[in-house]
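[1] have a look at this prediction, sequence included:
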Amino acid sequence: MPHVVVQLFAVLLLILLVILANERRREIGEAVEVLARELRDATRYFRLYSAETTRGREAEFIRDRLPKRLSTSVLIAFFMLCAAATWWFTR
């Protein structure tokens with residue numbers, strides 16, 4: 001087959017795929033909207049545990065007893081220091 005025929009066949013196949021995908025996307029979109037609505041309605045009935053506030057966060061007295069997290073800036077500074085030391089020692 002000539003090269004042009006293969007290209008035309010590929011373009012026609014791509015157009016067909018786009019048309020079919022668009023119809024399928026609408027069906028999937030409607031299903032996703034229904035699921036999202038059901039999930040939104042179901043979140044109203046989630047249980048509230050004693051260590052959580054009404055917004056799902058931990059209460060302050062629980063958070064105060066947890067170990068403190070290491071700051072991201074401290075980790076970045078540590079890696080920069082290690083990189084600088086490695087560069088200096090390998091010079």
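    Sure, I can see it.
[2] from the chain's centroid, how far away is the helix ranked longest in the chain?
    Longest helix in the chain by number of residues, with DSSP state H as the criterion: helix 3-42. From the chain centre to the centre of helix 3-42 is a distance of 22 Å (C-alpha atoms, centre = their mean, to the nearest Å).
[3] which is the next helix or strand following the worst-scoring helix or strand of the chain on mean pLDDT?
    Across the helices and strands of the chain, mean pLDDT, DSSP states H and E gives its lowest value to helix 60-65, namely a mean of 63. As assigned by DSSP states H and E, the chain's next helix or strand after helix 60-65 is helix 72-90.
[4] and that next one, how far out from the chain's middle?
    Centre to centre, stretch against its chain (C-alpha atoms, centre = their mean), the figure for helix 72-90 is 30 Å.
[5] next, count neighbours for Leu14.
    10 (other C-beta atoms under 10 Å). Glycine gets a C-beta too; all of them are placed from N, C-alpha and C.
[6] repeat that for Ser73.
    8.
[7] what of Arg40?
    9.
[8] and it, what does it touch?
    Applying C-beta atoms under 8 Å, 6 or more residues apart in numbering to Arg40 gives no contacts.
[9] for this protein, give me the ranges with low pLDDT.
    1, 43, 45-66 (pLDDT under 70).
[10] go again with 80.
    For the chain, the stretches with pLDDT under 80 are 1-3, 20-27, 41-71.
[11] ok, now how distant is Phe78 from Ala85?
    In this view, Phe78 and Ala85 are 11 Å apart by C-beta to C-beta, to the nearest Å.
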